[in-house]
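Peer 1: Give me the fold of what follows.
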Amino acid sequence: MILDDEQLALCEAARRFARERLLPDYQNRERIGRLDRGLVKEMGDLGLIGTDLPPEYGGLGANGVTTGLLIEQLAWGDFNVSYVQLMASLMGTIILNNASEDIKKAWLPRIIQGDAIIALGLTEPRGGSDAANLQLRAQKEGDEYVLNGEKTSISFADQADAAVIFARTGSAEDGARGVSAFFVPLDLPGITRTAFDDVGSHIVGRGSIFFDDVRVSRDQLLGSEGTGFTQVMKGFDYSRILIALQCVGAAQASLDEAWEYVKEREAFGAPLAQYQGVTFPLSEGETLIAAARQLCYHGLQLRDAGQAHTAEAAMVKWFAPKTAFDVIHQCLLSMGHYGWTMESPHQQRMRDVMGLEIGDGPASIMKLVIAREKVGRIAVQYAGKKSATKA
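Peer 2: I've put the predicted structure just below:
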């Protein structure tokens, strides 16, 4: 892939920031367990957030490939800080395409400048990956909607400034057609939040958000009633590729560190790099990560050209996190007992990328999406009939 001058300049800025500001404190931030908002502001000042959002709101108007290049570089330095760019792209695009002009003017510049984090309020305790089966209600009362229910497994749940909340405005029988989206500042009365103690990605602060008679105005409805499900599904094709590039960036960092280690470490009178039993697994890792990377950028090129990329997004969403975990694991093993210590970053990267084998849909859901793209609804209809027959 040949990059233009603007892409090269942005990549270089992101690469320098990742090496000088992110990587040195990657593990320290994990111990603190909170997002450093000062660091986020610094990213915003450098133009490293919301690059794909329009210039009139402070963005660069960059395409998906450029945004992917940026997020991969950031994830090389700190997998979890790169979530800031991921959420800015996903949530910023939803707001841009569906919010009122007042909301866009008030919030998009804050996102881009690093002054605001917007969460995605989709998942619920009962539904999991079944995004159309939402229980949180938005009851219309005059010019307001009253929200009641719970969202869970929300990134930045206890740190975000606002969230796009998907709620049921129609009946349960309406399915996806009864789901609407709302822009909700998270300092409103009736909102409480919790944070989970996860295996990894501590600074992301995944948790639950509870709504108890939370009132939002009609102006905070994004788009029209019943279009929320469509809005988020369109965004997922993009975010899944960016997620895959987060994992690629983290795995590449471990590979780079492992190669340096085997060049310097000696055994039996020679550098480890002279032994094929050491270098071949790392060579295989480079190959697999390169393959994942190329499929990611192919998907982003399709997106930028206005072509369908749902299957490609699902492919990289299951392939990249799994491959990254396996490659990082091999890097840890290649470094022997040093790799086994908690001081080594490999163990943290393994835990961090593992979370994205779950988030935004596990491998089983992604493979179902791919099958549906290839053979149509028959991929899920027959399974549904079999379940109904057994019942």
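Peer 1: Would you state the helices of the stretch 201-350 of the chain in chain order?
Peer 2: 228-264, 276-304, 310-334, 336-339, 346-355 (DSSP state H, counting those that start in this stretch).
Peer 1: could these go into JSON lines alongside mean pLDDT and mean neighbour count?
Peer 2: Bear in mind the C-beta positions are built from the backbone N, C-alpha and C, glycine included. Compiled in JSON lines, the helices of the stretch 201-350 of the chain are given as follows (pLDDT from 0 to 100; neighbours: other CB atoms under 10 Å):
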{"stretch": "helix 228-264", "mean pLDDT": "90", "mean neighbour count": "23"}
{"stretch": "helix 276-304", "mean pLDDT": "95", "mean neighbour count": "18"}
{"stretch": "helix 310-334", "mean pLDDT": "96", "mean neighbour count": "24"}
{"stretch": "helix 336-339", "mean pLDDT": "86", "mean neighbour count": "14"}
{"stretch": "helix 346-355", "mean pLDDT": "96", "mean neighbour count": "23"}
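Peer 1: and of those, who's closest to Ile370?
Peer 2: helix 310-334 (4.9 Å; CB to CB).
Peer 1: helices or strands up against the closest one?
Peer 2: helix 228-264, helix 276-304, helix 336-339, helix 346-355, helix 363-375 (3 or more CB pairs under 8 Å, 6 or more residues apart in numbering; DSSP states H and E).
Peer 1: 6 Å instead, please
Peer 2: Helices and strands touching helix 310-334, by 3 or more CB pairs under 6 Å, 6 or more residues apart in numbering; DSSP states H and E, are helix 228-264, helix 276-304, helix 346-355, helix 363-375.
Peer 1: Save those helices as a markdown table, and put in distance to Gly336 too.
Peer 2: Output for the helices and strands packed on helix 310-334, formatted as a markdown table (distance: least, CB to CB, whole Å):
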| stretch | distance to Gly336 |
| --- | --- |
| helix 228-264 | 9 |
| helix 276-304 | 10 |
| helix 346-355 | 11 |
| helix 363-375 | 30 |
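Peer 1: measure stretch 179-198 end to end?
Peer 2: 29 Å (CA to CA, to the nearest Å).
Peer 1: can you list contacts of it?
Peer 2: With CB atoms under 6 Å, 6 or more residues apart in numbering as the test, stretch 179-198 has contacts from 99, 103, 134, 157-158, 160, 162-166, 169, 205-210, 212-214, 216, 220-222, 225, 228-229, 231.
Peer 1: Just those residues: which are in strands?
Peer 2: If you go by DSSP state E, the contacts of stretch 179-198 have 162-166, 207-210, 212-214, 216, 221-222 in strands.
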